[in-house]
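Visitor: Provide a 3D model corresponding to the input given below.
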Amino acid sequence: MTPSSRRRFIRQSALAAASFIIVPRYVLGKGYTAPSDMFGLGFIGNGKQARGLLNQFKKQPVRIIAGAEVDATKLNLFKTLAEKAYAEATEKTPTGGFKGYPDYRELLANPSIDGVVIATPDHWHAYQAVKAAEAKKHIYLEKPLTRTLVEGRAVVNAVKKNKVVLQTGSMQRSWKNFRSACELVRNGYLGKIKEVLVNVGDPAIPCNLVEEVKPPHLDWEGWIGPAVYHPFNAELSPPVEKDIFPNWRKYREYAGGILSDWGAHMFDIAQWGLGMDETGPVQFNPPKEPAAVRGLEMVYANGVVLKHIDFGRGFGVRFIGEKGSIDISREYFDSNPANIATATIQPGETKLYVSDDHYADWLNACKNGTQPICPAETGHRSNSVCALANIAYELRRPLKFDPVKETFNSDKEANNLLQPRFRKGWKI
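Guide: As a prediction, this is how the structure comes out:
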């Protein structure tokens, strides 16, 4: 080797070594990801659910660069956690790259953001998802998709029009046991399905909370947004120190009760197993007891009956067919007879979409321009079951529904409830 070639070799080796020193650790592990390929992610809503989602997304090839939150203490905590996640992934000290916003519209204006995670109260979902789609941001939208059917259709239309990818946060579709149960149902291992029992929580109730002193770090007008105004109560927005899920989920003005909160998981599995992802029930028969919070029957056009009922095993789904039944939840997956649940789907039989990671599935769909496992239309249809069930419990009379037109037949009062209840000056 000549002196000049030796010097050139040493110089090139040093440059190569230096380039590896500054590459973050996460790009050298499983599945190399160049920094230029990192997905810029912003979180709209920085409360308890968002903190849980942060723990999921920090495992992915993303950079969490922004958050929007009307409670300054929650925003500050989320910022600390996001910066810690960055430091752990890169072995670098954060340099102020995370941006916090009190208004989600400012976050959507950030050109570095490729996609948003929306984890706000349900009454905000439609507005923020539509605005995110118009800003050409991909969307991970927490379940239930929206409060009402009309809002859900608006989200579906906005996503389609703006050609962005939306994943609904009904993550049970990415769990193997739920997929296996639905594949067994789809392939006739239970024979013809007669009925499906779903146990989830109570329907929504009117908000009757007393007014409390609002903390200075919370923008209450920003929290209420389009919803019917109610004075501050910590049940709706608890202090960050409590680290609990807030109870806005129970109230009609802001959500669909625990029926919708968990129904977006369990009715979603019922829809998936029945192959009803693009439609829904056509008849709603409420329980005879005037104050009952279980017992609603929903009938599909093919005659299958979907019942909101407690079958004695906690929140879950029971598929009942001519040959037996399957019970599925987060805690159990079994059948009667027992050999149905352990059966293996054979070659040539129906296989459902495989996703082992709900968050990676969304990011891959964003990258490839494909549909994820629970896209907008699917999330909307499953949420429609919840929203329509709430209407049936509220009106307490039989209702006929057209899932193509998405209207009740000859029932003006019921159709009015398909619309969101907004404050004056707001519309979707």
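
Visitor: which other residues reach whichever strand or helix holds K161?
Guide: Using DSSP states H and E, K161 falls within helix 149-162. With contacts defined as CB atoms under 8 Å, 6 or more residues apart in numbering, helix 149-162 is touched by 125-126, 129-130, 133-134, 136, 139, 141, 145-146, 165-166, 375-377, 379-380, 383-384, 387-388, 406, 418-420, 428. Every C-beta, even on glycine, is put in place using the N, C-alpha and C of the backbone.

Visitor: And the strands in the stretch 301-428 of the chain?
Guide: 305-308, 316-321, 324-328, 333-336, 399-402, 407-408 (DSSP state E, counting those that start in this stretch).

Visitor: could those strands be laid out in JSON lines, adding mean neighbour count?
Guide: Formatted as JSON lines, these follow (neighbours: other CB atoms under 10 Å):
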{"stretch": "strand 305-308", "mean neighbour count": "23"}
{"stretch": "strand 316-321", "mean neighbour count": "24"}
{"stretch": "strand 324-328", "mean neighbour count": "22"}
{"stretch": "strand 333-336", "mean neighbour count": "18"}
{"stretch": "strand 399-402", "mean neighbour count": "18"}
{"stretch": "strand 407-408", "mean neighbour count": "18"}
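
Visitor: Kindly present those as CSV, with separate columns for mean pLDDT.
Guide: As requested, those are exported to CSV (pLDDT from 0 to 100):
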stretch, mean pLDDT
strand 305-308, 98
strand 316-321, 98
strand 324-328, 98
strand 333-336, 98
strand 399-402, 98
strand 407-408, 98
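
Visitor: will you turn those into CSV that also has distance to L184?
Guide: Formatted as CSV, these follow (distance: least, CB to CB, whole Å):
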stretch, distance to L184
strand 305-308, 18
strand 316-321, 8
strand 324-328, 6
strand 333-336, 8
strand 399-402, 28
strand 407-408, 34
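
Visitor: mind showing which ranges of this structure have poor pLDDT?
Guide: For the chain, residues meeting the criterion pLDDT under 70 lie at 1-37, 92-96.

Visitor: spatially speaking, which residue is in the middle of it?
Guide: G169 (2.1 Å; CA atoms, centre = their mean).

Visitor: quick revisit: need the buried ones from the contacts of helix 149-162 selected in PyMOL.
Guide: In PyMOL, this line selects whichever of the contacts of helix 149-162 come out buried by 16 or more other CB atoms under 10 Å:
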select buried, resi 125+126+129+130+133+139+141+145+146+165+166+375+376+377+379+380+383+384+387+388+406+418+420+428
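
Visitor: roughly how far apart are the residue nearest to the centre of the chain and E142?
Guide: Distance of G169 to E142, given as CB to CB, to the nearest Å: 4 Å.

Visitor: ok, now P286?
Guide: From P286 to E142 the distance is 28 Å (CB to CB).

Visitor: what does E134 give?
Guide: 19 Å.

Visitor: What of Q56?
Guide: Q56 is 12 Å from E142, by CB to CB.

Visitor: Looking at the two now, which is surrounded by more residues?
Guide: E142 (23 against 15; other CB atoms under 10 Å).

Visitor: mind checking the end-to-end distance for stretch 325-342?
Guide: Counting by CA to CA, to the nearest Å, you get 13 Å between the two ends of stretch 325-342.

Visitor: Ignore what I typed, I meant stretch 51-66.
Guide: Start-to-end, stretch 51-66 (CA to CA) is 13 Å.
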